[in-house]
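Peer 1: Need coordinates for the following:
(one chain, ligands or ions: 2)
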Amino acid sequence: MQKRFKGRRAIVTGGASGIGLACAMRLAQEGARVAIWDMNADAAKTAAEKLGGLAVPVDITSLEDVGRAADETKKAFGGIDILVASAGITGPTVPVTEFPMNGFRQVFDVNLFGLVHCNKAVLPAMLESGYGRIVNIASIAGKEGNPNASAYSASKAAVIGFTKSLGKELATKNITVNAVTPAAVRTPIFDQLPQSHIDFMLSKIPMGRFGTVEEIAAIVAFAASEESSFITGQVLDASGGRATY
Ligand SMILES: NC(=O)c1ccc[n+]([C@@H]2O[C@H](COP(=O)([O-])OP(=O)(O)OC[C@H]3O[C@@H](n4cnc5c(N)ncnc54)[C@H](O)[C@@H]3O)[C@@H](O)[C@H]2O)c1
Ligand SMILES: C[C@H](O)[C@H](O)CC(=O)C(=O)O
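Peer 2: Ligands and ions are numbered 1, 2, ... in the order given. The predicted structure follows:
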């Protein structure tokens, strides 16, 4: 495998599981030093040991905790070149008429505000070095809006809008900011969903199968690489043919 990330220092939020773990493994396999940022401290430790990286337990909903994590990572690595923001939750799978507002806010606290905290936290180091790659993991749900998943869909649509804005702000700073919108991939996040919703998501994929974490990690790795230098503020799709834009 090529070593596109030799000498690069990466943070992967949600890196202890699923898509984030696969992204962390791919970046490490290609030479990056990787910090696993995750609220699951034990899983983060296990993942970091597996890839020879750094485990940084953090709750991304806390701006202060994220600032502490960024300081710890920058001190350990000497800088930050890459952020893959993968940490996320689904929230309840219910119609809007039944959707509890505390649940709606929790989804936004993690999926949007937590992601914004992490994007903000890595920018000083990237601006100081004059280089950066930010890859925000959104979802096809943010493009299409899934029924019974209004908070999740809205939060991912917000991630897309935020990514487009930040990409334009940083366009002359050699820092790119892109989103990836996967369709369903069988990971532990499915444990947060009823089977009916999982069946619905599969039914929407023209390829007739779920994606794999490796397939998502491959597109994330491209977006995180130097090769993607003329792509910013964009949405890179990985939905098995489902997305129409
Ligand atoms: N799996 C899919 O079908 C799919 C498809 C499209 C997009 N996504 C998105 O991809 C990302 C990763 O999903 P996944 O399938 O790997 O899920 P996952 O549940 O396997 O992993 C999510 C990780 O995020 C961590 N996390 C959750 N809340 C956190 C917080 N407040 N602070 C720090 N860490 C926190 C969890 O501990 C977990 O390790 C999510 O943003 C999800 O919305 C998933
Ligand atoms: C959490 C979901 O599995 C993920 O976002 C994929 C999705 O929403 C879909 O419709 O596919």
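
Peer 1: Check which element follows the single longest helix found in the chain along the chain.
Peer 2: Criterion DSSP state H: the longest helix present in the chain is helix 150-169. Sequence-wise, the next helix or strand downstream of helix 150-169 (DSSP states H and E) is strand 175-182.

Peer 1: Using PDB, write out every CA atom in that next one.
Peer 2: What follows is strand 175-182, C-alpha atoms only, in PDB (Å, rounded to 0.1, in the frame of the first residue of the first chain):
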ATOM      1  CA  ILE A 175      -6.600  23.800   4.200                       C
ATOM      2  CA  THR A 176      -9.400  21.800   2.500                       C
ATOM      3  CA  VAL A 177     -12.700  21.000   4.200                       C
ATOM      4  CA  ASN A 178     -14.900  18.300   2.600                       C
ATOM      5  CA  ALA A 179     -17.800  16.100   3.600                       C
ATOM      6  CA  VAL A 180     -18.400  12.400   2.800                       C
ATOM      7  CA  THR A 181     -22.000  11.100   2.600                       C
ATOM      8  CA  PRO A 182     -22.100   7.400   3.000                       C
END
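
Peer 1: what helices or strands is the helix or strand that comes right after that strand leaning on?
Peer 2: Sequence order places helix 195-203 as the next helix or strand after strand 175-182, per DSSP H and E. For helix 195-203, there is no helix or strand it packs on, judged by 3 or more Cβ pairs under 8 Å, 6 or more residues apart in numbering; DSSP states H and E. Where you see a C-beta, it was placed from the backbone N, CA and C, and this is true even at glycine.

Peer 1: Would helix 195-203 count as contacting ligand 2?
Peer 2: Yes: counting by Cβ under 6 Å from any ligand atom, ligand 2 has neighbours in helix 195-203: residue 201.

Peer 1: Run through the neighbouring helices and strands of whichever helix or strand comes after that helix.
Peer 2: Next in sequence after helix 195-203, counting helices and strands by DSSP H and E, comes helix 213-224. Helix 213-224 sits against helix 18-29, strand 82-85, strand 132-137, strand 175-182, strand 235-238, with contacts defined as 3+ Cβ pairs under 8 Å, 6+ apart.

Peer 1: quick one, phi psi at the spatially most central residue of the chain?
Peer 2: In the chain, the centroid-proximal residue (Cα atoms, centre = their mean) is residue 86; its distance is 2.3 Å. When read as degrees, to the nearest 10, the backbone of residue 86 gives phi -110, psi -20.

Peer 1: Quick check, it in contact with residue 11.
Peer 2: No: with contacts counted by Cβ atoms under 8 Å, residue 86 stays clear of residue 11, the gap being 10.2 Å.

Peer 1: ok so, going back, deepest of the helices and strands packed on helix 213-224, which one?
Peer 2: Most buried of those by mean neighbour count (mean count of other Cβ atoms under 10 Å) is strand 82-85; its value is a mean of 29.

Peer 1: can I have that strand written out in CSV, keeping just the CAs?
Peer 2: Extracted in CSV, the C-alpha atoms of strand 82-85 (Å, rounded to 0.1, in the frame of the first residue of the first chain):
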residue,chain,number,x,y,z
ILE,A,82,-5.7,15.9,9.3
LEU,A,83,-9.1,15.7,11.1
VAL,A,84,-11.6,13.0,10.2
ALA,A,85,-14.8,13.9,12.2
